[in-house]
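Trainee: Sequence plus predicted model, see below.
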Amino acid sequence: MLLKKIRLRTLLILHSVGGVILAAFLLLGSLLIFQKANIEDSLLESNIAYARKLAETIDGFMGTAQRELAWSASQIKGLTDLNRLRSETDRLRLHPGFFNSVFVVNREGVIEATSPESLSFVGVKLHSDASRQAIATQKSFITAPFTSAAGNYVVFLSQPLFTADGRYLGFIGGTIYLKKQSMLSDIMSQHFNSRNASVSVVSNDGLIIFSQDPARVGTKMRLNPSLKKQLSSTDSGRFSTKSEGQAFTIGYASLHKTDWNIFIAGASETVRHILVSTAKNALWFLLAIIVLTVAVVTLLAGRIAAPLEKLAGMVQRDGIDASLASVEAWYYEADRLKQAVEEHRQVVADRMSTLSDEAMTDPLTGLCNRRGFTLLAERCANDAGQCVIAIDIDHFKKINDSYGHDAGDSVLVRLAGLLQQACRNGDVVSRFGGEEFILLLPQTHLEDAARMAERIRALVINTTFRHAGAITVSAGVAALADCGGKRDRMLRRADEALYEAKGAGRNTVIIAGTESFRRYDPTA
């Protein structure tokens, strides 16, 4: 019996120590031989993912900027009221913050109003290609980068102006600086995450529109014909290039609003650095494991390892929710580990529950946030008869300015309660941010959704809000059936209807049809 125990311990020691040593050298050898390509692929995929995210963000920025211009253009029906023009250009420049400067130009190319006024361009006639193109096409567009009359390197967005009877007046446009600080440059500077990665925005013909090195902005990058074709025909991808004797691996993604591409480049030195650093760290870690294994296995052998292995096996096979009663923790450390696993199980369960609720809930109102709305909306994906209501508090900024943000928060919380009170079981009530609320109504006809929106509007009018007193809301209603079965388009149409309600004087409900909008008439 004693002989057998000694042999088992010896075999266990030899097996454990020999296995660890063999695995260590095999792991290091595999790391040096095979991992370089994996690390390069991982870095490239990471770069491509960042490029896609940044491309989506910039596309969203450009789209929002164009919508802001379009809204401003809809408010200008004549060029004689200079105070109105100055007010609108100042609002467009300062309130959204998309543009560094804003111009109103008549159809003769003469500037009628600018923001900021310090540019002193009022009365100046423009001769740039951008202004001629805007007047000639009478359509909205985004220019290629150029040097403005003020000497700034900019990209220009424009929107045509028409009178109420459809006569062309000129255009309103905004410039975004590319070499100086702007909201666009801030967005592009913040969306990269790798220590040795560099971010550039390059057009299909190689013009550098943005770079972390401002000196490169406006210069040309050499792109071979095959790469130009690849950029113009794909949404994202990768390629390799050399610059100043150094190899770079570049992931890219293309924008849809312009012919720009996001380049995120990492030097090949980064791959070697990661490989060497990983090998060094692994070597020291494996050496420590070998020493520890020799000491532990030699002194304590398999009896001490048995309860630990059983714990590990139960967790691996059944998860930390498995019953631990069968584990015989006969010594102190094993017993403490068993208790720690049980306590950790409870902590993880509580934390996961809390994190799930927090991730899907707006902390102020207790309603669903965007993520919660998206998750609940996915459960209604097969419902072709759903509608959505977009609700926005009128003049909410005045409430915050007049009574303070605490009063504004109180209004948001009270309105959230009214919305929950007005909705049915199964309706999704969410706060998308700020003072905007979105209601998803499953299995609801458009007219029924409009009636609900009208009831909510009337309920709000007849409710007295603490601090703020009486308030009003505007609402936009859209149906999935009118949007080709696409939920994103339904949300966008509801939002457009909401803007129509704002433009129609607020405190009203606008219904978005397939192609047009109409005011809801409760007496009809």
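Mentor: Nice, thanks for sending it over.
Trainee: Give the buried residues for stretch 468-486.
Mentor: Across stretch 468-486, burial judged by 16 or more other C-beta atoms under 10 Å covers Ala468, Ile471, Val473, Ser474, Ala475, Gly476, Val477, Ala478, Ala479, Leu480, Asp482, Cys483. Every residue, glycine included, has its C-beta placed from N, CA and C.
Trainee: let me fix that: stretch 69-78
Mentor: Leu69, Trp71, Ser72, Ala73, Ile76.
Trainee: one step back: which among the buried residues of stretch 468-486 gets closest to Cys380?
Mentor: Lowest distance from Cys380 to the buried residues of stretch 468-486 (C-beta to C-beta) belongs to Leu480, with 9.2 Å.
Trainee: coming back round to it: turn the buried residues of stretch 69-78 into CSV, columns for distance to Tyr50.
Mentor: Shown next, in CSV, are the buried residues of stretch 69-78 (distance: C-beta to C-beta, whole Å):
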residue, distance to Tyr50
Leu69, 29
Trp71, 31
Ser72, 33
Ala73, 34
Ile76, 39
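Trainee: Among the residues you listed, which one sits closest to Met221?
Mentor: So of the buried residues of stretch 69-78, ranked by how close each gets to Met221 (C-beta to C-beta), first place is Leu69, at 29.8 Å.
Trainee: Please identify which helix or strand holds the closest one.
Mentor: helix 2-75 (DSSP states H and E).
Trainee: just checking, next helix/strand downstream of that helix?
Mentor: Next along the chain from helix 2-75, counting by DSSP H and E, comes helix 82-94.
Trainee: Show the average pLDDT along the following helix or strand past that following helix.
Mentor: Toward the C-terminus, helix 82-94 is succeeded by strand 101-106 as the next helix or strand (DSSP H and E). On average, the pLDDT along strand 101-106 is 89.
Trainee: Indicate each strand paired with the very next helix or strand once past strand 101-106 and its parallel or antiparallel sense.
Mentor: Helices and strands here follow DSSP H and E; after strand 101-106, the next one along the chain is strand 111-115. Strand pairing for strand 111-115, using DSSP bridges, gives strand 101-106 (antiparallel).
Trainee: what's around the nearest residue to Asp259 once chain neighbours are set aside, how many residues?
Mentor: Setting aside the residues directly before and after it, Asp259 is nearest to Asn204 in space (C-beta to C-beta, 6 or more residues apart in numbering), at 4.5 Å. For Asn204, the neighbour count with other C-beta atoms under 10 Å is 18.
Trainee: Any figure for the gap between Asn204 and Trp260?
Mentor: 8 Å (C-beta to C-beta, to the nearest Å).
Trainee: same question, Gln75
Mentor: Taken as C-beta to C-beta, the span from Gln75 to Trp260 is 29 Å.
Trainee: Backbone dihedrals for Thr143, both of them.
Mentor: phi -80, psi 160 (degrees, to the nearest 10).
Trainee: can you list contacts of stretch 63-75?
Mentor: Applying C-beta atoms under 8 Å, 6 or more residues apart in numbering, the contact partners of stretch 63-75 are 88, 91-92, 96, 98-99, 140, 142, 157-162, 171-174, 176, 257, 499, 503.
Trainee: avg pLDDT for that stretch?
Mentor: For stretch 63-75, mean pLDDT is 87.
Trainee: One more: stretch 489-503?
Mentor: pLDDT averaged over stretch 489-503 gives 95.
Trainee: what's the answer for stretch 18-36, then?
Mentor: For stretch 18-36, the per-residue pLDDT averages 71.
Trainee: how about stretch 217-235: buried residues?
Mentor: Result for stretch 217-235 [16+ other C-beta under 10 Å]: buried residues Val217, Gly218, Met221, Leu223, Leu227, Gln230, Leu231.
Trainee: about what we covered before: show me just the buried residues among the contacts of stretch 63-75.
Mentor: 88, 92, 96, 98-99, 140, 142, 157-161, 171-174, 176, 257, 499.
Trainee: among these, which are in strands?
Mentor: Ile142, Leu157, Ser158, Gln159, Pro160, Leu161, Phe171, Ile172, Gly173, Gly174, Ile176 (DSSP state E).
Trainee: Pairing partners for the first one in the sheet, please.
Mentor: Put plainly, it is Ile142. Those that pair with Ile142 in a beta bridge, by DSSP bridges, are Leu157.
Trainee: Please name the residues that touch the residue lying closest to Phe517 once chain neighbours are set aside.
Mentor: Closest residue to Phe517 apart from its sequence neighbours, by C-beta to C-beta, 6+ apart: Glu500 at 4.7 Å. Applying C-beta under 8 Å, 6+ apart to Glu500 gives the contacts Gly476, Ile510, Ala512, Phe517.
Trainee: And those residues, which is closest to Asp362?
Mentor: Gly476 (20.2 Å).
Trainee: which residues touch the closest residue to that closest one other than its chain neighbours?
Mentor: Sequence neighbours aside, Ala497 is the residue nearest to Gly476 in space, at 2.9 Å (criterion: C-beta to C-beta, 6+ apart). By C-beta under 8 Å, 6+ apart, the contact set of Ala497 is Ala390, Ala475, Gly476, Val477, Ala478, Ile510, Ile511, Ala512, Phe517.
Trainee: let's see it at 10 Å
Mentor: By C-beta atoms under 10 Å, 6 or more residues apart in numbering, the contact list for Ala497 reads 388-390, 453, 474-478, 509-513, 517-520.
Trainee: Find the helix or strand that it is a member of.
Mentor: Counting by DSSP H and E, Ala497 is part of helix 487-503.
Trainee: after that helix, next one along is what?
Mentor: Next element after helix 487-503 (DSSP H and E): strand 509-512.
Trainee: Partner strands of that following strand and their direction?
Mentor: When DSSP bridges is applied, strand 509-512 pairs with strand 473-479 (parallel), strand 517-519 (antiparallel).
Trainee: rank those strands by pLDDT, which is bottom?
Mentor: For the strands paired with strand 509-512, where the average pLDDT is lowest is strand 517-519, sitting at a mean of 92.
Trainee: can you give me how far that one is from the chain middle?
Mentor: 31 Å (C-alpha atoms, centre = their mean, to the nearest Å).
Trainee: Going forward, the N-terminal residue is numbered 85.
Mentor: Fine by me, first position is 85 from now on; the one you just mentioned is strand 601-603.
Trainee: quick revisit: where's the residue nearest to Phe601 relative to Ala559, distance?
Mentor: Taken as C-beta to C-beta, the span from Glu584 to Ala559 is 10 Å.
Trainee: which residues do those two both contact?
Mentor: Thr592, Ile594, Ile595.
Trainee: Of these, grab the buried ones for ChimeraX.
Mentor: Those of those that count as buried under 16+ other C-beta under 10 Å are selected in ChimeraX with:
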select :592,594,595
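Trainee: Adding distance to Glu520, write the shared contacts of Glu584 and Ala559 out as TSV.
Mentor: Conversion of those to TSV gives the following (distance: C-beta to C-beta, whole Å):
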residue	distance to Glu520
Thr592	16
Ile594	15
Ile595	18
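Trainee: pLDDT below threshold where in the stretch 185-334 of the chain?
Mentor: Within the stretch 185-334 of the chain, the segments meeting pLDDT under 70 span 272-281, 327-331.
Trainee: Sketch out the helices for it, chain order is fine.
Mentor: 213-221, 267-274, 309-317 (DSSP state H, counting those that start in this stretch).
Trainee: Save those as CSV, and put in distance to Thr141 too.
Mentor: Below are the helices of the stretch 185-334 of the chain laid out as CSV (distance: least, C-beta to C-beta, whole Å):
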stretch, distance to Thr141
helix 213-221, 24
helix 267-274, 6
helix 309-317, 19
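Trainee: Could you say which one of the ones you listed comes nearest to Gly250?
Mentor: helix 213-221 (16.0 Å).
Trainee: now that closest one and strand 195-199, what's the angle there?
Mentor: 120 degrees (axes from the mean of the first three to the mean of the last three C-alpha atoms, to 10 degrees).
Trainee: Now do helix 213-221: which elements does it pack against?
Mentor: strand 185-190, strand 225-226, strand 237-246, strand 252-261 (3 or more C-beta pairs under 10 Å, 6 or more residues apart in numbering; DSSP states H and E).
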